[in-house]
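1. sequence and predicted structure are below.
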Amino acid sequence: MSILEQFANGDIHPHERARNNDPEYRSICQELEGLKEKLFHSLGEADKKMFEEFLEIQLDESNLHDISTFIHGYRLGALMTMEVFTYNNEL
């Protein structure tokens, strides 16, 4: 596994504090959890199982998307840094 993938997977933990300390993020998470609980309790047993499967697959998709987006952004930032050092004599 590449170091960027480890970084994006949270094995290096760069983003934990930022998300946990953001009041808007916490508020949205609480609202989402409340709605999820209400929906879950309104479903029949077969629908509950399908809903849980949906949430697991959605989480997997979201994680893969986040990793891809993070790596792309990190690479873009590295390229921008290289450009700054390459053309620093033009300023």
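-> Thanks, I have it.
2. which parts of this protein are helices?
-> Under the criterion DSSP state H, the chain contains helices at 3-9, 16-21, 23-42, 45-86.
3. so, low pLDDT: which residues of this structure?
-> Within the chain, the ranges that satisfy pLDDT under 70 run 13-20, 91.
4. circling back: and among the helices of the chain, the most buried is which?
-> Mean neighbours per residue, mean count of other CB atoms under 10 Å, is largest over the helices of the chain for helix 3-9, with a mean of 15. Where C-beta positions appear, they are placed from N, C-alpha and C, glycine not excepted.
5. mind giving me the packing neighbours of it?
-> Applying 3 or more CB pairs under 8 Å, 6 or more residues apart in numbering; DSSP states H and E, one finds that helix 3-9 makes contact with helix 45-86.
6. tilt between the helix it packs on and helix 23-42?
-> Regarding helix 45-86 and helix 23-42, their directions subtend 160 degrees when assessed with axes from the mean of the first three to the mean of the last three CA atoms, to 10 degrees.
7. starting at the chain centroid, how far to helix 45-86?
-> Put simply, helix 45-86 sits 5 Å off its chain's centre (CA atoms, centre = their mean, to the nearest Å).
8. determine the set of other helices and strands touching that helix.
-> helix 3-9, helix 23-42.
9. next one: the shortest one to chain centre, how far?
-> I take that to be helix 3-9. Centre-to-centre, helix 3-9 and its host chain are 12 Å apart (CA atoms, centre = their mean).
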